[in-house]
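Engineer: quick one, fold the following:
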Amino acid sequence: MSKARHEVVVITGASAGIGRAAVQQFARRGARIALIARDPERLEAARAEAERLGSPHAIAISADMADHAQVEAAAERVETELGPIDIWVNNAMATVFAPFADIAPEDFRRVTDVTYHGFVWGTMVALKRMRPRDRGTIVQVSSALAYRSIPLQSPYCGAKHAIKGFTQSVRTELEHDHSNVHVAVVDMPGVNTPQFEWCKTTLTHHPKPIGTYYQPELAARAIYWAAHARRAEICVGYPTLATMLAEKFVPRVLDRYLARKGVAGQQRADTIPADRPDNLWRPVPGPYAAHGTFDAGASTRSLQLWATTHRGWLLAGMGAAGIALGPRQLRRH
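Structural biologist: Numbers count the residues shown, from 1 in each chain. Down below sits the predicted model:
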């Protein structure tokens, strides 16, 4: 797609992981990009990378998405320096890998404030500017965990479920008002990002993605596509689709499976030091980018995502095949 040319795009959680890969994706298509995250040094590295890749103008804004005032100030700066916002990508997240009983109340609240309220504040400031113009797209980077929670991530799973409910409510209000502002949800599978290196945890073994997982570039392609396709929701990867279907039809089977496999399945064999720094309350310094340390097992392609983004072609092909086979079937009779 070449549609991103001259678009103004805001990406939260932009300095690493899926957000960093999304910055790269939009930059290659010439978008003007505002990158929002907390760490100034990593933000500046991501901003410079965006301009090297083709963005004519990228700005770095250090802000905490849990603070509405900071998010509002960031949006105001974007429109002053880059122009009217066309696309706002809510992606910032935080998590704690721990059994619920081991999570401090303030840490649980912090995950909720960043992962849920950060999406609320981002949506709020974006709609404040998009609704009067009657145009724009908000992309909510969600997860299969919005449909099926897993052990050791109760605050994150709760936040993702909340985002789903919040977004559905906002979407119906926009449709009631016949607004042309679009809200898209992208449900992600496990992705190889640095979150496993810096998330807060009470575990003694290194956290890891569970099941089949993907590289962040695949996630970024899905975000870019969703920002332009006017589709309400897309899921990324067969594991996401399978999780949704299993939760709908056999939720108790999933309960039992995750009770047996979900705890060990999210931990590597190697231990981690007790004083490992985490990014829950403040950024962890270092040259982190889009990828985590699980490159060896990460998939780069998804047939399911290809089918989702080429649904029109598939339906047309099936229709053509049906038309071609129809006369043959009639001749047999």
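Engineer: leaving out sequence neighbours, find the closest residue to Ile223.
Structural biologist: Leaving aside its sequence neighbours, Ile223 sits nearest to Ala22 (Cβ to Cβ, 6 or more residues apart in numbering; 4.9 Å). Glycine gets a C-beta too; all of them are placed from N, C-alpha and C.
Engineer: is that neighbour in a helix, a strand, or coil?
Structural biologist: Classification of Ala22 by DSSP: H, G, I helix; E, B strand; the rest coil places it in helix.
Engineer: list the residues that contact the residue nearest to Gly17 when sequence neighbours are not counted.
Structural biologist: In space, and not counting its chain neighbours, Gly17 is closest to Thr193: 3.4 Å by Cβ to Cβ, 6+ apart. Contact analysis of Thr193 by Cβ atoms under 8 Å, 6 or more residues apart in numbering lists Ala16, Gly17, Ile18, Pro216, Ala290, His291, Gly292.
Engineer: separation between Phe294 and Lys208?
Structural biologist: 6 Å (Cβ to Cβ, to the nearest Å).
Engineer: oops, could you answer that again for Cys157 instead?
Structural biologist: 17 Å.
Engineer: separation between Thr293 and Gly190?
Structural biologist: Distance, Thr293 to Gly190, by Cβ to Cβ: 14 Å.
Engineer: which of the two has more residues huddled nearby?
Structural biologist: More crowded of Thr293 and Gly190, by other Cβ atoms under 10 Å: Gly190, with 24 against 13.
Engineer: what is the least confident helix or strand in this structure?
Structural biologist: Lowest on mean pLDDT, DSSP states H and E among the helices and strands of the chain sits helix 311-332, with a mean of 60.
Engineer: hang on, Ala269 packs against His205?
Structural biologist: Yes. Shown here, Ala269 and His205 form a contact pair, counting by Cβ atoms under 8 Å, at 6.8 Å.
Engineer: which one of the two has more residues nearby?
Structural biologist: Applying other Cβ under 10 Å to Ala269 and His205 shows that His205 carries more neighbours, namely 15 against 8.
Engineer: tell me who's in contact with the more buried one.
Structural biologist: By Cβ under 8 Å, 6+ apart, the contact list for His205 reads Gln267, Arg268, Ala269, Asp270, Thr271, Ile272.
Engineer: distance to Asp107 for those residues - can I get that in CSV?
Structural biologist: Shown next, in CSV, are the contacts of His205 (distance: Cβ to Cβ, whole Å):
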residue, distance to Asp107
Gln267, 19
Arg268, 22
Ala269, 26
Asp270, 24
Thr271, 21
Ile272, 17
